[in-house]
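>>> The sequence and its predicted three-dimensional model are supplied below.
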2 protein chains.
Amino acid sequence: MSRLVLKFGGTSVANVERIRNVARHVKREVDAGHDVAVVVSAMSGKTNELVEWCREAAPMHDAREYDAVVASGEIVTAGLLAIALQELGVQARSWQGWQVPVLTSDAHGSARIEAVDGAEIVKRFKERQEVAVVAGFQGLHAPTGRVTTLGRGGSDTSAVALAAAIGAERCDIYTDVDGVYTTDPRVVAKARRLDRVSYEEMLEMASLGAKVLQVRSVEVAMAHRVRTYVRSSFDDPADPSPGTLICDEDEIMEKQVVTGIAFSRDEAQITLRGVADKPGVAAAIFMPLAEAGINVDMIIQVVSDDASTTDITFTVPGGDYSRARKIIEDRGASIGYRSLQGANDVVKISAIGIGMRSHAGVAARAFKALAEKGVNIRAITTSEIKFSVLIDATYTELAVRTLHSLYGLDKAA
Amino acid sequence: MSRLVLKFGGTSVANVERIRNVARHVKREVDAGHDVAVVVSAMSGKTNELVEWCREAAPMHDAREYDAVVASGEIVTAGLLAIALQELGVQARSWQGWQVPVLTSDAHGSARIEAVDGAEIVKRFKERQEVAVVAGFQGLHAPTGRVTTLGRGGSDTSAVALAAAIGAERCDIYTDVDGVYTTDPRVVAKARRLDRVSYEEMLEMASLGAKVLQVRSVEVAMAHRVRTYVRSSFDDPADPSPGTLICDEDEIMEKQVVTGIAFSRDEAQITLRGVADKPGVAAAIFMPLAEAGINVDMIIQVVSDDASTTDITFTVPGGDYSRARKIIEDRGASIGYRSLQGANDVVKISAIGIGMRSHAGVAARAFKALAEKGVNIRAITTSEIKFSVLIDATYTELAVRTLHSLYGLDKAA
C-alpha cells in the first residue's frame, strides 16, 4: 500500500480525450493498491494563450496578476481529471495550490516552493482511498494570500515536492517521450533510452539543455532522494513501459564514464579584445551583467600578444545577447577594451557521466575527436562529472554524433 | 468620496481589447474621486467551453469539480482587468472568491452567498486608493475549503452583494443593453428605456422572463436597498448614458399603472381531464412533481360537465415538460384521470406595475384587448403588482404589442 505521485504534462492532457486516457493510467495504479496523488499541467497551448492575453493587456504587467491568470490553466485540468477519474469509479478530488497548500516564496512568476502540507491529502488516502489531483505549477504566498507560479515547467517541481511531502515511494513524470535518452533522438538516430540515471547526472543534463525535466525538479528530487521515473503517457495504460529511473548513484550498478550528451542552442558568445590586464577589470565587466540578472556561463581569459592586455571571452543565454552587448558597450570607457566581438550562432555541447570522477582524460579524447572532424572549439568548461565545449552552431549534429559514438552510447544496430 | 461597485458581463469583457475598454470606464469613476470595486464575468464563450469540457469528461459530473473548473473563467478576466487598469495608471489588484472571501452555502453549482467580507478591500481603498477587481460568480464554502459557483448570471448577485457589504452608494451593472426597457425592443420597436424601476417591479420582470438581470441579484438589491443601475459598457467611456436605476419605489415620482411587459417562451402546459373531484387528488399530482424539483407555476381547476370530475391545467418550465409528463403518466392509476393533454408551444405574457395595487380592472382591460385580437387565453394568474396570461406561442408578438400599446408604454413616434 505504497504512495505514488504521478505527474502529467501539457501534451498528456491536451484535450478531454487525453485527460480520460490519463485517468486510465491513474486507475491502473489505484487498482494495484497504491495511494495516488496526481499533479497536472495546463492543457497544452492554454498557458501560452493566457500569457499572450496578459501581454496584450499590458506589455509590462504585474507579475502577481500574471500568476493569478496563468495558474487558472492547471485548475481546469485538475477539475477535469477528477471528473474523469470519478467516471471510472475512482474516488478523486482536485486541489488548487492554495488548497493543499503549496507554500512558496513571493517571487511571482518564478516562485520557489518552501513547504508542501500534505497532511489533508494523506488523511484522505487513509479515510477514503481518495486520489488527490493537484494543480501543478502554482502555490500560495501565505503572508499576502496571493497565488504564485513556479515558472515554466514548474509542474515537475510541484510533483517531486509533493512526493517528498507525503513520503511517496516514487514520482512518475509522464511526458510525451518514454524516458531519458543518451542524447536527443531527433539528432542522433542511435540514441538509447537509459534505464537509470543518477540525480547528479540528470541535474547536469537538465542544466545543459536536455528538456525532459525542469532543473529545479531534479534539485528537489536529489535533495529529498525522491525516486523519479520519466515515462510516456502515450503508452497503453494497460501495459506501459517503465521509462527511466532517476535515482541515487548507489542504485546504479554499472557506472558509465559518459551517460549522455546534451546540447544547448540558446547560447551567445562575447569576446573583448585588448582588455587591460589589471585588478578589478573582471569585476567591471561581470558585475553590471550580474546586476542585470544575466547569467554568465563560460569565461575564458587569454593573455594577448602584447603582454599588457588580455582577451576575455564569455557566454550568456541567447535571449540576453543584445542586452549583454549593450551593457558592456555602455561601459566601454570604464572597462577599457580595444574591440568587442560577438556571436549567437554558437552551441554548447556537453558530455555528462559520474564515471568521469574516476577516469582521467575523458575530455581530452573529445577534443581530439572533434579536431579530427575539423570542429573548432571556441571555449571549454569542465566540472567533476561533465565537460562542455562551445562550437559553431553549424557543427551541432556532427559534434553530438561524434561524441555519442566516441563514448560508446550508440545503440546496437 | 463615495464607494461604487461596477459589474461587467461576458460580452463587455469578450476579449482583451474589450477589457481595456472596461478599464477606461473604471478609470473614469476613479478619476471622479470614487473608491471602486469591479466585479467581472468570464470572457463570453469561456464558461460554455468549460461547461462543455466537464460534460465531455463525464455526462454526470461532481458539482464540486464543475465549480472548480468553471470558476476559473472569472479568475482570468479579473487578472487581465487588473493589468489593464495598472497600464492606465490606476492602482488595482484582482480578488478570487476565496480571497475576499465571498462565503457561500455548499449548494455547488447554485450556491447562495451567505456573507461577503469586504474589510480588506475597504482597508485598501483607504490606504492606497486601490481598485478591487473581484471575480464574479464564485465563492468559498469555508467548512470544506472548496470553490463554489452561484449559477448562471451569478456575477450580478456577486456585485450587488459586494455593494451591500462595503456600503456602496450604488452598483452599476454594465451589460450589452443600455438599460431596462418596457419590453424586449427586438419584439416591440416602440419599447422605451425606463429611467427608474422599483425593486419589486424589477424582481417580477426578471422572474417573468426579462433577461437583463438575474432574479437573485434583484432580491439581494431589494433586501439591502442597493441602488442599482443597468447601463451599457458599449457607450463611450468618456460620455456614458446613465441607464436605468433600480431603486426603492419612494424614489419614483410618477408611478405607472403598468411599467413593463415581460414574456417567457420557456413554458409548457399539461391538462388532465376527468380527474376525480375529491380531497387529496391535487396532492397526488403535485407532490411527485415537487419531489422531482419541477417548479409548477400556474394551476387552474375547472369543474367539468359531469360534476363529479374536474379538469386540472398547470404549467411547468419548458425544459421539464417531458419529465413532468412521464411522472404524471407513471402515476396515472393512483391519480385517476381520463386523458392527459400537453403543449409546449405556449408563452406566458405578463404585465408588471406597482400602480396595479391602487388601480382596479387593469387585467380585465387586457383580457378584452386580447380577445378583440382573437388571442385565446389558456390560463391566467395574478398577484399584487402583476398578472400573467398563457397563450399560444404564435400570438406572442401580437399580444406583447397589444398590451404595450394598451398601457401607454409606446414611445412617442
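Done, it's in. Numbering: from 1, shown residues only, chains lettered A, B, ... in the order given.
>>> At which residues are the strands of the stretch 51-200 of chain A located?
If DSSP state E, counting those that start in this stretch is used as the criterion, the strands of the stretch 51-200 of chain A fall at A:92-95, A:102-104, A:113-116, A:131-135, A:138-141, A:146-149, A:170-175, A:196-198.
>>> Minimum distance to chain B: which of the ones you listed has it?
Among those, strand A:92-95 comes nearest to chain B, with 5.3 Å by C-beta to the nearest C-beta. No exception for glycine: its C-beta is placed from N, CA and C like everyone else's.
>>> How far does that closest one sit from its chain's centre?
Relative to the centre of its chain, strand A:92-95 is centred 27 Å away, using C-alpha atoms, centre = their mean, to the nearest Å.
>>> Deepest in the core, which of the strands of the stretch 51-200 of chain A is it.
Compared across the strands of the stretch 51-200 of chain A, strand A:131-135 shows the largest average neighbour count, a mean of 29 (mean count of other C-beta atoms under 10 Å in any protein chain shown).
>>> Now the helix or strand containing A:E267: buried residues?
Using DSSP states H and E, A:E267 maps to strand A:260-276. Residues of strand A:260-276 classed as buried by neighbour count (16 or more other C-beta atoms under 10 Å in any protein chain shown): A:260-264, A:267-275.
>>> and A:A82, how many neighbours?
32 (other C-beta atoms under 10 Å in any protein chain shown).
>>> correct me, but it touches A:W95?
No - using C-beta atoms under 8 Å, A:A82 is not in contact with A:W95, being 9.0 Å away.
>>> Overlap in contacts, those two.
A:V133 (C-beta atoms under 8 Å, 6 or more residues apart in numbering or on different chains).
>>> rewinding a little: mind putting the strands of the stretch 51-200 of chain A into a markdown table with mean pLDDT?
Putting these into a markdown table (pLDDT from 0 to 100) gives the following:
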| stretch | mean pLDDT |
| --- | --- |
| strand A:92-95 | 98 |
| strand A:102-104 | 98 |
| strand A:113-116 | 96 |
| strand A:131-135 | 98 |
| strand A:138-141 | 98 |
| strand A:146-149 | 98 |
| strand A:170-175 | 96 |
| strand A:196-198 | 95 |
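>>> so what's the closest residue to A:R338 other than its chain neighbours up against?
Ranked by C-beta to C-beta, 6 or more residues apart in numbering or on different chains and with sequence neighbours excluded, the top spatial neighbour of A:R338 is A:G274, at 2.7 Å. The contact partners of A:G274, by C-beta under 8 Å, 6+ apart, come to A:304, A:309, A:311, A:337-339.
>>> how far away is A:G274 from chain B?
The gap separating A:G274 from chain B is 46 Å, by C-beta to the nearest C-beta, to the nearest Å.
>>> Against A:L50, how distant is that residue?
The gap separating A:G274 from A:L50 is 48 Å, by C-beta to C-beta, to the nearest Å.
>>> now swap in A:L245 and tell me
34 Å.
>>> repeat for A:A84
22 Å.
>>> Which of those two has more residues huddled nearby?
Shown here are A:A84 and A:L50; by other C-beta under 10 Å, A:A84 has more neighbours (29 against 20).
>>> Give the closest residue to the more buried one in space, chain neighbours not counted.
The shortest distance from A:A84 to any non-neighbouring residue, by C-beta to C-beta, 6+ apart, is to A:A23 (4.0 Å).
>>> Is the one you found in a helix, a strand, or coil?
Secondary structure, DSSP: H, G, I helix; E, B strand; the rest coil: A:A23 is helix.
>>> now A:M356
Secondary structure state of A:M356, per three-state DSSP, is helix.
>>> Show me what from chain A comes close to chain B.
A:16-17, A:19-20, A:50, A:53-54, A:56-58, A:61-62, A:64-66, A:68-69, A:72-73, A:75-76, A:78-84, A:86-87, A:93-94, A:96, A:98-99, A:145-147 (C-beta under 8 Å from any C-beta of the partner chain).
>>> I'd say A:L203 and A:E219 touch.
Yes - counting by C-beta under 8 Å, A:E219 is a contact partner of A:L203 at 6.5 Å.
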